[in-house]
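Peer 1: I'd like to go over a predicted model; first the sequence, then the structure.
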Amino acid sequence: MYQQFNEQFAAASRQFADTAAQINRLALDNATKAFGLQLAAFEQNVTATFAFFGEVADVRDPEQLKTVWPKGLQVARENAERALSTGQEVFGRTLKANEAISQIAKAQFEAATEQAKDAAETVTKAAKAK
C-alpha cells in the first residue's frame, strides 16, 4: 500500500517539476524577448536624441534655432511613438505567453482530475469486491 502511494507521489512530483520547468521556460523566453525589444527601442531613442542634441550644439544664432526646433519636436514624437509601439508589442507577447502558460496549467489540472477519478473508481471497485 505504501509502495503504491510512494509511486503515485513520485509520479505527481515529476509531473509537477516538468510542468514548472515548461512554464519557467515560457516565462523566461518572454522576459528575454520583452527586454530585448525594450532595449532596442531605448537604444534608438537615445541615438535619435543625441543626434538632435548634436545639431542643437551647432546652433549659433536664433535663426538656426528656429530651423532646428521642429526637428526636436519630430524626434520627441518619434521617440514617444516608438516607446508606445514597443509597449504594445511587449504587452501582446506577454499576453500570448500567459495564454500558453494557462493552457499548460489547464491541461495539468485536467490530467490530475482524471487521475483522481481513476484512483477513486479503483478504490470504489476494490471496496465493493470485498
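Peer 2: Looks like it came in fine.
Peer 1: output the below-cut-off pLDDT ranges for the protein.
Peer 2: 1-2, 5, 130 (pLDDT under 70).
Peer 1: longest helix of it?
Peer 2: Scanning the chain for the helix with the most residues, using DSSP state H, yields helix 62-129.
Peer 1: quick one: list the elements packing against that helix.
Peer 2: helix 2-57 (3 or more C-beta pairs under 8 Å, 6 or more residues apart in numbering; DSSP states H and E). From N, CA and C alone the C-beta is placed, and that goes for glycine too.
Peer 1: can you give me how far the helix it packs on is from the chain middle?
Peer 2: Distance of helix 2-57 from the chain centroid (C-alpha atoms, centre = their mean, to the nearest Å) equals 6 Å.
Peer 1: could you give the angle of it to helix 62-129?
Peer 2: Here helix 2-57 points in a direction 170 degrees away from that of helix 62-129 (axes from the mean of the first three to the mean of the last three C-alpha atoms, to 10 degrees).
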